[in-house]
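Asks: fold the following for me, if possible:
(one chain, ligands or ions: 2)
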Amino acid sequence: MPEQSPGPTVSFDGVIKRYGDGAAVDGVTLDIAGGSFVALVGTSGSGKSTLLKTVNRLVVPDAGRVAIDGRDVADDPPARLRRRIGYVFQNVGLFPHLSVGDNIAMPLVLAGRRDPARVAAMLDLVELPRAFATRMPAELSGGQRQRVGVARALAAEARLLLMDEPFGALDPVTREALAGAIRRLHADLSLTTIMVTHDMAEALLNATRVLVMQAGRIVADAAPAAMLAGQAGAAADALVAVPRAQAERLTAMTR
Ligand code: ADP
Ligand code: MG
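Replies: Ligands and ions are numbered 1, 2, ... in the order given. All right, here's what the predicted structure looks like:
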């Protein structure tokens, strides 16, 4: 794979999003370096999905701004913005009446491009057989469907990948395999990747930087090693304690 410049930077500046009386996102200021793999972790309702969606304008902040490579996301029409951003969420939402190949080609069609070779290349990239192009989504397993979702997200050469609980509905073995595929893709394509998860172990094992969100705010921000070393504060420690205790119990059982 040719050397590529890293994916874009993403910056949040005083971002606030309110629903009714409460703030789902309550003043987030943050710079994400190009090429990094950031995990956004927190309990349910902490504001992770809302913050992620401000990047592709599925959510428009009440205050503050979000910029990609320094350019305000509000400056582009949403359709054009979203073409440059891959977005993968739980139960990825493939079009059930379209073949796998047509699903993957959808962003290309929307961009006015016809490029059948690209579908095959994307299937290679997510490690699915090329013959899957003619299958229907219902003929795939959950893990295979998520791989198609990733292929579709990146088909139009997006350099920024947003993922919201991408492994949510998958069994642990399939999760591990898909996480490995995504780590390789991230590295090979030099993407900037932001992954939302409620699972601290998944964050620590996949990301190069872990952000902890609580009640709409970023309350911890550290590399996995620092977080494991207890250097990221009480909120991070509480989340790290769960998988650590599980690992210790498993280890104890083998003694
Ligand atoms: P997370 O992804 O961390 O579980 P969300 O970002 O989905 O959290 O939600 C944060 C808070 O904002 C929650 O209290 C949720 O109920 C609220 N919220 C999110 N989206 C909406 C919406 N479209 N309308 C009203 N409230 C919402
Ligand atoms: Mg969510």
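Asks: which stretches of the stretch 1-150 of the chain form strands?
Replies: Using DSSP state E, counting those that start in this stretch, the strands of the stretch 1-150 of the chain run over residues 10-19, 22-32, 37-41, 63-68, 71-72, 85-89.
Asks: would you single out the least confident of those strands?
Replies: Ranked on mean pLDDT, the bottom entry among these is strand 85-89, at a mean of 91.
Asks: that one packs against which elements?
Replies: helix 142-154, strand 160-164 (3 or more C-beta pairs under 8 Å, 6 or more residues apart in numbering; DSSP states H and E). All C-beta atoms are positioned from the backbone trio N, CA, C, and that covers glycine.
Asks: just to revisit the earlier point, which stretch among the strands of the stretch 1-150 of the chain comes nearest L125?
Replies: When the strands of the stretch 1-150 of the chain are compared by C-beta to C-beta, strand 85-89 sits nearest L125, at 11.9 Å.
Asks: parallel or antiparallel, list what pairs with that closest one.
Replies: Applying DSSP bridges, strand 85-89 is found paired with strand 160-164 (parallel).
Asks: contacting residues around the helix or strand just after the partner strand?
Replies: Toward the C-terminal end, the helix or strand that comes next after strand 160-164 (DSSP states H and E) is helix 172-188. By C-beta atoms under 8 Å, 6 or more residues apart in numbering, the list of residues contacting helix 172-188 from outside reads 1, 37, 125-127, 141-143, 146-147, 150, 154, 161, 163, 166-167, 170, 191, 193, 195, 202, 205-206.
Asks: just the buried positions in helix 172-188, please.
Replies: T174, R175, L178, A179, A181, I182, L185, H186 (16 or more other C-beta atoms under 10 Å).
Asks: tell me which parts of this protein are close to ligand 1?
Replies: Residues of the chain lying close to ligand 1 by C-beta under 6 Å from any ligand atom are Y19, A24, G42, S44, G45, S46, G47, K48, S49, T50.
Asks: and the furthest pair within those?
Replies: Greatest spacing in these, by C-beta to C-beta: Y19 and G42 (16.6 Å).
Asks: the two: which is more packed in?
Replies: G42 (26 against 11; other C-beta atoms under 10 Å).
Asks: pLDDT score for the more buried one?
Replies: At G42, the predicted lDDT confidence score is 94.
Asks: ok, back up a step: what's the most buried one of the strands of the stretch 1-150 of the chain?
Replies: strand 37-41 (a mean of 24; mean count of other C-beta atoms under 10 Å).
Asks: which strands and helices sit next to it?
Replies: Right, strand 37-41 is packed against helix 48-53, strand 192-197, helix 200-206, strand 209-214 by 3+ C-beta pairs under 8 Å, 6+ apart.
Asks: re the thing from before, write the ChimeraX selection for whichever of the contacts of helix 172-188 are buried.
Replies: Remark: buried members of the contacts of helix 172-188, expressed as a ChimeraX selection using 16+ other C-beta under 10 Å:
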select :37,125,126,142,143,146,147,150,154,161,163,166,167,170,191,193,195,202,206
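Asks: great, nothing more from me.
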